[in-house]
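# how would this look folded up:
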Amino acid sequence: MATHGKRYRKISKDAEEKVYGLSEAIRFLKAHQSAKFDETAELAIRLGVDTKKSDQTVRGTVVLPNGTGKKVRIAVFAAGAAADAARAAGADVVGNEDLIEKVKGGWTEFDVAIATPDAMKEVRKLGKVLGPRGLMPNPKTGTVTDDTAAAVKESKAGRVEFRMDKAGNVQVPFGKLSFEEGKLLENVNAVIAAVAAARPAAAKGVFIKRCTLSSTMGVGLRVDVRD
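Purely as a prediction, here's the structure:
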């Protein structure tokens, strides 16, 4: 059975068994950093949906006002003018048949994949490679588009994707603990608003049932987002 280290146990002891306000929780996480690296702040939301019904699936994207604090590596599947636009916008790797063959071989050294509708005819065949890693381009998240330049710029600026898991939970990173408190607060509020806006029409009752803020090496703090 896994055991936590002394630092984690000390932080856990300092954390009170209560419901925190968002600002209060962010201050706690920033004051109790234990790693030697810049930890990521994350929001976890338990949703009031029926996970067995496909019309209650929750998925979407949100552009964080202050970015993610992470260098995002972007691969774009495109040809012609769309490929040129992606390169000009700062995509890390751009290609079509050549890139598809490279990914077929198992190469996935990127964080976001973008594809034009034409390229998707072949990119769909990469489902076994991209699907399990959450990298498959999808029109619902804006990663299947002819406007590759805009998609690249949004991803570089801090667009993150969220997707409900099989248990009805959504986990979204919203910045680094090195960010100022105000910037983290703006980011997490943007995430909450985006998830709330993604509520399926078929969902009944309370949609956002429980929220927890945590950091890479820190404890989870239950937060009140009713306001």
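# where does this structure have low pLDDT?
By pLDDT under 70, the low-scoring segments of the chain are 1-16, 227.
# can you give me the strands in the chain?
40-47, 59-63, 74-77, 93-95, 112-115, 159-163, 169-176, 208-215, 221-223 (DSSP state E).
# I'd like these laid out as CSV, including mean neighbour count and distance to Gly105.
In this view, the C-beta of every residue, glycine as well, is placed from N, C-alpha and C. Formatted as CSV, the strands of the chain follow (neighbours: other CB atoms under 10 Å; distance: least, CB to CB, whole Å):
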stretch, mean neighbour count, distance to Gly105
strand 40-47, 21, 30
strand 59-63, 17, 28
strand 74-77, 27, 14
strand 93-95, 20, 13
strand 112-115, 27, 15
strand 159-163, 20, 25
strand 169-176, 21, 29
strand 208-215, 19, 36
strand 221-223, 20, 43
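# can you give the domain ranges for this protein?
Listed by automatic domain parsing, the domain ranges of the chain are 6-67+159-223, 74-156.
# the residue lying closest to Lys102 once chain neighbours are set aside and Ala202, how far apart?
Residue nearest to Lys102 in three dimensions, not counting chain neighbours: Gly95, with 7.4 Å by CB to CB, 6 or more residues apart in numbering. Using CB to CB, to the nearest Å, Gly95 is found at 40 Å from Ala202.
# could you do Lys53 as well?
With CB to CB as the criterion, Lys53 and Ala202 are 7 Å apart.
# go on, Glu42?
Glu42 is 27 Å from Ala202, by CB to CB.
# show me the longest helix that occurs in the protein.
helix 181-197 (DSSP state H).
# buried ones in that helix?
Judged by neighbour count (16 or more other CB atoms under 10 Å), helix 181-197 contains these buried residues: Lys183, Leu184, Leu185, Glu186, Asn187, Val188, Ala190, Val191, Ile192, Ala194, Val195.
# now do it: everything it contacts.
Residues outside helix 181-197 that contact it (CB atoms under 8 Å, 6 or more residues apart in numbering) are 22-23, 26-27, 30, 41, 43, 45, 47, 58, 60-66, 160, 162, 170, 172, 174-175, 177, 179, 207-208, 211, 213, 225.
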